[in-house]
Structure formats: C-alpha cells, structure tokens
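> Here is my input, please return the structure:
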Amino acid sequence: MITSENPIVVESLALVAMLTLVVSHRVLNHMRLLFPEKSERFTPLRWAETFYTSANKLLDKVLEYAGIDMTAYMILMFYAGEGVDPNVNRKRLLSPWVKAANSQLKGATI
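Residues are numbered from 1 along each chain as shown. The predicted model follows:
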C-alpha cells in the first residue's frame, strides 16, 4: 500500500518496484542458466527473500562498476535523507500504547 498522495512519490515507488522486479527476475534467470541442475529449486518465495536480503550488495557492485564510490560522506547523506520520517507528526495506531510502555520503563528500577 502506498501511503502518499503525492503523484511524484507514487510514480517513483511504482517505478522502483517494477525495476526491482525486472532485475530480480533477470538475476534469477541467470542463476537458473548457470546452475541448471538446481533450476527448479530456485522457488519464487526463497528467491524473493534471497534477493531482498542481498540487494544492497548487488547495488554496491553496480555502483562500483559504474565508477561511483560510496564514500563515507555519501553514506552519511543517505542516512540523513532517508532516516528522517516525513510523517513524524502523523497519528499512529500504536502511539498511546508505546507512550504508556515508555513511561512505565522510565519509572522502573533495575
């Protein structure tokens, strides 16, 4: 579910999802060609989890191949941009329970 009403955000997320799907299937097809004896054992669910957990490594290799060096500054800027919640003031379903739990933890002694 896309939680934004901004058409640029929605379009970007849709394009990223499609690109991810295309890349995932291309890599899967190459793996099946490289290891034909295991071809049927590359199941969709297992492949999706494997691709998801290793996508950052693949991106690092693509950037390296393109001559783009992910310096410490670039990584810092990535976290600064992506780590900020754009919906920090939005009312959340669990907010009352989280606040109650946090207040109980503050009053607890160890």
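> Give me the pLDDT for Thr50.
Note on Thr50: pLDDT of 93.
> meant to ask about Met74
With respect to pLDDT, Met74 scores 83.
> element containing it, please.
helix 72-82 (DSSP states H and E).
> helix or strand right after that helix?
As assigned by DSSP H and E, the chain's next helix or strand after helix 72-82 is helix 95-107.
> ok, back up a step: what's the offset of the helix holding Met74 from the middle of its chain?
Its chain's average C-alpha position is 15 Å from that of helix 72-82, according to Cα atoms, centre = their mean, to the nearest Å.
> and it, what does it pack onto?
In terms of contacts (3 or more Cβ pairs under 8 Å, 6 or more residues apart in numbering; DSSP states H and E), helix 72-82 is packed against no helix or strand at all. Where you see a C-beta, it was placed from the backbone N, CA and C, and this is true even at glycine.
> how about that helix as CSV, C-alpha atoms only?
Extracted as CSV, the C-alpha positions of helix 72-82 are listed here (Å, rounded to 0.1, in the frame of the first residue of the first chain):
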residue,chain,number,x,y,z
ALA,A,72,31.6,7.9,4.0
TYR,A,73,30.1,11.3,3.3
MET,A,74,27.7,9.9,0.7
ILE,A,75,26.6,7.2,3.1
LEU,A,76,26.1,9.8,5.8
MET,A,77,24.0,12.0,3.4
PHE,A,78,21.9,8.9,2.5
TYR,A,79,21.1,8.2,6.2
ALA,A,80,20.4,11.9,6.8
GLY,A,81,17.9,11.9,3.9
GLU,A,82,16.3,8.5,4.3
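> Flag every buried residue along it.
When neighbours are counted by 16 or more other Cβ atoms under 10 Å, no buried residue of helix 72-82 is found.
> now do stretch 41-50
For stretch 41-50, a neighbour-count test (16+ other Cβ under 10 Å) marks Trp47 as buried.
> Alpha carbons only: can I get that stretch in PDB?
Only the C-alpha atoms of stretch 41-50 are listed here, as PDB (Å, rounded to 0.1, in the frame of the first residue of the first chain):
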ATOM      1  CA  ARG A  41      14.900 -25.500  -6.600                       C
ATOM      2  CA  PHE A  42      15.000 -21.700  -7.100                       C
ATOM      3  CA  THR A  43      11.500 -21.200  -5.800                       C
ATOM      4  CA  PRO A  44       9.800 -17.700  -6.000                       C
ATOM      5  CA  LEU A  45       9.500 -17.300  -2.300                       C
ATOM      6  CA  ARG A  46      13.000 -18.300  -1.500                       C
ATOM      7  CA  TRP A  47      14.400 -16.200  -4.300                       C
ATOM      8  CA  ALA A  48      12.400 -13.100  -3.200                       C
ATOM      9  CA  GLU A  49      13.900 -13.400   0.300                       C
ATOM     10  CA  THR A  50      17.400 -14.000  -1.000                       C
END
